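**Student:** Sequence and predicted structure below; questions after.
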Amino acid sequence: MSQFFGCIALNPQINVSQVGSQMTRSMSFFQGDAIGMYQTKEIFICNTFIFNTPESVNTTNICQNERYVLAATCRIDNREELASKISIENPLSASDHEYLLAAYTHFQEKCVEYIIGDFSFVVWDKHEQMLFIAKDHLGIKPLFYYKDENFFLFSTYTHAIKGVKSVNLALDELYIARELKNFSPTYEDTFFLHIKRLKPAHFVKFNPHVGLIQEQRYWELKAIDISAFKTEEEIYEELRRLFTQAVICRTRTNKNIGCQLSGGLDSSAVAVLLSRNIDKSRLHTYAFVLTDKTRPYSEKGIDEQETQNIILKYADLLQENHHQIKEFHHKDVFEEFETSNLIMGGYANSDAIWQDTMFKKAGNNDVGYIMSGFPGDECVSNNGYLYFYDYIGNKQWKEVAQLIITQKLSGLKKIASYYYAKYSGTYMRGYQKSLIQRSILNPQSPFNKELIRDKEAFKFYPTFKEFLKNQVCRPHTSHRTESEGLYAAQYGVETVYPLADIRLLAMLISIPTQMFAPQDYDRAIFRNMCYPILPEQVRIQVKRNGAFTLAFFEYWHHTSLNMLKKYRFADSLGLIDTKKKFDNKGLINLIRNMKRYSLDYLINKNVE
């Protein structure tokens, strides 16, 4: 694992050494084990390393050969397969950076088609004076860039770009308005108008001589041929194999392994598979729990300690390696806002600061990689309620007729709900009304009409498989994994996501639609997959709505709002509906209130 940043001068008057120093100083909060640099008159590149894998230990120089210079944050999961296709010295001891450089040297821009794992990287061609930048399939690893007439900047943290004194840090008011209106985010936009995020599954070639940026998509989640699997049980066996492989390939660290154990299906299954495949003394589990202090603030009082304890006993995990998290380590809400501004560089959609305490504990436990069940119910453990969309969207009229015959009134209601969703523009009934109620955008904002016309905000997908693909490949998934990774990196920890393995996802969206249909329980695919993995009382548990990953979420929001009583809105941009009143009852109101305060605070922090 590592972080990187750099600058290309587009103006001969620009001193890249000076710009590089500014970027380096702004990244001082991120302490790596070593640092490597490359610099000429035109370009500065810096890569900071954390020695989380056996191959990365003692890496002190930036990765380069006679022609190319590479900086990356990466984990390659198909090293053996890749080594058979490229020329690389000492494949067993070569670092993932060396694998990437060898792959690029051999395949050029097509290298991304042969790499499986999480990565973002840049390659500078010394001969052609060309920059290539790329990002992994689901956008797990962050990469931001900025361009004006003076320079092209890139970094895995926006903070490094913000640290350059002459950049234009105008806020992106449309981005902020979307947040205030509770609209879905876009892939590339950020809090700042001129700082862009490289989109998942894309690469960019930048020619500094003509200032041309060429962007290209290299991957899309598509169904694969599964004709070799003749029965449902054979399909489930393959899913179990891929799931196990996805967990094991993410344990290649010389440090300990962490796993969030919420008590839900996804994280429980990951924890059990880890217990079967690594030394249990190296496995640390983390659970957010309610206490007598925080439970009274919880709207539904849901706690999953019982299920957590079942898994600990079933997997024979070490009790001393199970860590309960009862409160944030931040002393107050203002420290939280300051931390968010430092790590995310301003307001960020899907900011994962609520995981910060867990990552801090994991760092103290010498954890190299930490796993979770996210993104699970987005695809692999989806509830399957919309399975019938495939029948109608794909014009499978025989299956539609069977639906009516077997389910009668329920089947007719399903069909009616499909057409309601299609013509209302969203698959969620009543969601448009909810958006209006939850909006904290000033009604007089010039963006109101523009956003009302935004048809992509909550797009209807005509088939179930398209819906699944959208859920796991949507901006929210990328932004949240990106944010979790940035918070974890403070403590030398890397976040890894087995349920986002593209090999597992490709298999999942290829299987027959009827296998997704809820049986005596929903989430049928995942529950059936986990038949030999989870104990029955966990595998078939009723998932209680409202069981949040962060058990004291509501307590912290109540407490924070009390701290903010004397806070005065500046509303610098005139975008916030300061007249709208929220009480503090209900989770949605808590979230709306906190978003209003945090946005105002961070806007003002960044326009000072």
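**Tutor:** Perfect, I can see it now. Residues are numbered from 1 along each chain as shown.
**Student:** top helix in this protein by residue count?
**Tutor:** helix 587-607 (DSSP state H).
**Student:** Render the CA-only coordinates of stretch 73-82 in CSV, please.
**Tutor:** C-alpha atoms of stretch 73-82 as CSV (Å, rounded to 0.1, in the frame of the first residue of the first chain):
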residue,chain,number,x,y,z
THR,A,73,-1.2,2.5,-4.6
CYS,A,74,-2.0,-1.1,-5.5
ARG,A,75,-2.7,-4.7,-4.5
ILE,A,76,-2.5,-7.2,-7.3
ASP,A,77,-4.6,-10.4,-6.7
ASN,A,78,-3.6,-12.4,-9.8
ARG,A,79,0.2,-12.2,-9.5
GLU,A,80,0.9,-15.8,-10.6
GLU,A,81,-1.3,-15.4,-13.7
LEU,A,82,0.1,-12.1,-14.6
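**Student:** buried ones in that stretch?
**Tutor:** T73, C74, R75, I76, D77, N78, R79, L82 (16 or more other Cβ atoms under 10 Å). To be clear about C-beta, it is placed using only N, CA and C from the backbone, and glycine gets the same treatment.
**Student:** so how far is I50 from the fifth one?
**Tutor:** Look at D77 and I50: by Cβ to Cβ, to the nearest Å, they are 18 Å apart.
**Student:** And the last one, by the same measure?
**Tutor:** Using Cβ to Cβ, one gets 22 Å for the distance from L82 to I50.
**Student:** Likewise for the fourth one?
**Tutor:** Taken as Cβ to Cβ, the spacing of I76 relative to I50 amounts to 16 Å.
**Student:** May I see the buried residues of stretch 73-82 arranged in CSV, with secondary structure and distance to V122 as well?
**Tutor:** Shown next, in CSV, are the buried residues of stretch 73-82 (DSSP: H, G, I helix; E, B strand; the rest coil; distance: Cβ to Cβ, whole Å):
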residue, secondary structure, distance to V122
T73, strand, 10
C74, strand, 11
R75, strand, 17
I76, strand, 16
D77, coil, 21
N78, coil, 21
R79, helix, 21
L82, helix, 19
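**Student:** The longest helix of the chain packs against which elements?
**Tutor:** For helix 587-607, the elements it packs on are helix 173-180, helix 333-344, helix 553-563, judged by 3 or more Cβ pairs under 8 Å, 6 or more residues apart in numbering; DSSP states H and E.
**Student:** Which residues does that helix contact?
**Tutor:** 169, 171, 176, 179-180, 191-192, 299, 333-334, 337, 340-341, 346-347, 438, 440, 546, 553-554, 557-558, 560-561, 564, 567, 569-573, 576, 582-584 (Cβ atoms under 8 Å, 6 or more residues apart in numbering).
**Student:** for stretch 196-210, same thing?
**Tutor:** Contacting residues not belonging to stretch 196-210 are listed as 8-10, 42, 109, 112, 120, 129-139, 142-146, 152, 187-190, 212-220, 473, 478 [Cβ under 8 Å, 6+ apart].
**Student:** Please export the C-alpha coordinates of that stretch as PDB.
**Tutor:** Output of stretch 196-210 as PDB, limited to C-alpha atoms (Å, rounded to 0.1, in the frame of the first residue of the first chain):
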ATOM      1  CA  LYS A 196     -11.800  16.000 -10.700                       C
ATOM      2  CA  ARG A 197     -11.800  12.300  -9.600                       C
ATOM      3  CA  LEU A 198     -10.700   9.700 -12.200                       C
ATOM      4  CA  LYS A 199     -13.700   7.500 -12.900                       C
ATOM      5  CA  PRO A 200     -13.600   3.700 -12.000                       C
ATOM      6  CA  ALA A 201     -12.500   1.400 -14.800                       C
ATOM      7  CA  HIS A 202     -11.000   4.300 -16.800                       C
ATOM      8  CA  PHE A 203      -7.600   5.400 -17.800                       C
ATOM      9  CA  VAL A 204      -6.400   8.800 -19.000                       C
ATOM     10  CA  LYS A 205      -3.500   9.800 -21.300                       C
ATOM     11  CA  PHE A 206      -2.300  13.300 -20.800                       C
ATOM     12  CA  ASN A 207       0.000  15.100 -23.300                       C
ATOM     13  CA  PRO A 208       1.500  18.100 -21.600                       C
ATOM     14  CA  HIS A 209       2.700  19.600 -24.800                       C
ATOM     15  CA  VAL A 210      -0.800  20.100 -26.200                       C
END
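**Student:** Tell me where the model's unsure across the stretch 1-150 of the chain.
**Tutor:** 1 (pLDDT under 70).
**Student:** K398 versus the spatially most distant residue from the centre of the chain, what's the distance?
**Tutor:** Within the chain, I405 marks the point farthest from the mean C-alpha position, 41.7 Å out by Cα atoms, centre = their mean. Using Cβ to Cβ, I405 is found at 11 Å from K398.
**Student:** If any of the contacts of stretch 196-210 are buried, give me the ChimeraX selection for them.
**Tutor:** With 16+ other Cβ under 10 Å as the criterion, this ChimeraX line picks the buried residues out of the contacts of stretch 196-210:
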select :8,9,10,42,112,120,131,132,133,134,135,136,137,138,139,142,143,144,145,146,152,187,188,189,190,473,478
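**Student:** Keep only those of the contacts of stretch 196-210 that are in strands.
**Tutor:** 8-9, 120, 130-135, 144-146, 152, 212-217 (DSSP state E).
**Student:** residues contacting S445?
**Tutor:** By Cβ under 8 Å, 6+ apart, the residues touching S445 are A177, G574, L575.
**Student:** Kindly indicate the member of those with the most neighbours.
**Tutor:** L575 (24 neighbours; other Cβ atoms under 10 Å).
**Student:** Over to that residue: give its phi and psi.
**Tutor:** phi -100, psi -20 (degrees, to the nearest 10).
**Student:** does it really touch N442, like I thought?
**Tutor:** Yes: at 5.6 Å, L575 counts as touching N442 under the criterion of Cβ atoms under 8 Å.
**Student:** what sits in contact with each of those two?
**Tutor:** In contact with both L575 and N442: L180, using Cβ under 8 Å, 6+ apart.
**Student:** Would you point out the helix or strand in the protein whose mean pLDDT is lowest?
**Tutor:** helix 431-438 (a mean of 66; mean pLDDT, DSSP states H and E).
**Student:** mind listing what the residue nearest to P462 when sequence neighbours are not counted touches?
**Tutor:** Nearest non-adjacent residue to P462, counting by Cβ to Cβ, 6 or more residues apart in numbering: G393, 3.9 Å away. For G393, the contacting residues are P462, T463, F464, E466, by Cβ under 8 Å, 6+ apart.
**Student:** Quick check: buried residues in the longest helix of the chain?
**Tutor:** So helix 587-607, judged by 16+ other Cβ under 10 Å, has buried residues 589-603, 606.
**Student:** where along the stretch 301-450 of the chain do the strands fall?
**Tutor:** Listed in chain order, the strands of the stretch 301-450 of the chain (DSSP state E, counting those that start in this stretch) span residues 322-325, 367-371.
**Student:** Go through those and pick out the most buried.
**Tutor:** Ranked by average neighbour count under the criterion mean count of other Cβ atoms under 10 Å, the strands of the stretch 301-450 of the chain are headed by strand 367-371 at a mean of 26.
**Student:** pLDDT weak spots in this protein?
**Tutor:** In the chain (pLDDT under 70), the answer is 1, 425-436, 452-458, 543-549, 608.
**Student:** any idea how it splits into domains?
**Tutor:** Residue ranges for the domains of the chain, per automatic domain parsing: 2-217, 232-381+469-607.
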